[in-house]
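In: got a structure for you, letters missing:
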């Protein structure tokens, strides 16, 4: 069985300029429009190419995905998953367990995405990376995990946390 790769990406910085907009409909801020493609280029540079993207259906997560996907050297199927909006770690885990891909990207929101990453990190994880995520998982931050089992068998503490990359790390 191939090693599986799970990438979790917090949506890029969103705009709060229009107080009348529902949270679900907030667009990306100018900073988010810059950092999303930056993270996509980094995924491509490292060869961390997903086979499938699970994306929360909010405007800011869809736009983050669109800008990331434009930087990837291959087309990646995306599924917009309602349950990822404001999801708790257990909800994210349940959705990941249904994946049919070797390399998976999940784009969602804090605090659930950060908590999911912290709870997923198990034996073999990089402690300094764990502490980095524990301290802060800012907008457009990306965490990478690997695992040797099927998605359906994944449980908390069941993956190796290997990397955390924030836009400021690439500046």
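Out: Everything's here; your move. Just so we're clear, the structure is a prediction, and the values are computed from it rather than from any experiment.
In: make it CA atoms for all contacts and neighbour counts henceforth
Out: OK.
In: where in this structure is pLDDT low?
Out: 1 (pLDDT under 70).
In: max-length helix in it?
Out: helix 30-46 (DSSP state H).
In: and that helix, what does it pack against?
Out: helix 59-69 (3 or more C-alpha pairs under 8 Å, 6 or more residues apart in numbering; DSSP states H and E).
In: could you pull out the helices in this protein for me?
Out: Under DSSP H, the chain gives helices at 30-46, 59-69, 89-96, 112-120, 127-135.
In: can you redo these as a markdown table with mean neighbour count and distance to residue 83?
Out: Below are those laid out as a markdown table (neighbours: other C-alpha atoms under 10 Å; distance: least, C-alpha to C-alpha, whole Å):
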| stretch | mean neighbour count | distance to residue 83 |
| --- | --- | --- |
| helix 30-46 | 19 | 22 |
| helix 59-69 | 23 | 13 |
| helix 89-96 | 18 | 7 |
| helix 112-120 | 21 | 12 |
| helix 127-135 | 15 | 23 |
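In: please tabulate these in CSV, including the columns distance to residue 10.
Out: Converted to CSV, these look like this (distance: least, C-alpha to C-alpha, whole Å):
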stretch, distance to residue 10
helix 30-46, 10
helix 59-69, 8
helix 89-96, 13
helix 112-120, 7
helix 127-135, 12
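In: to residue 162, which of those helices lies closest?
Out: helix 127-135 (7.0 Å; C-alpha to C-alpha).
In: taking helix 112-120 as reference, get the angle to the closest one.
Out: Orientation check (axes from the mean of the first three to the mean of the last three C-alpha atoms, to 10 degrees): helix 127-135 against helix 112-120 gives 150 degrees.
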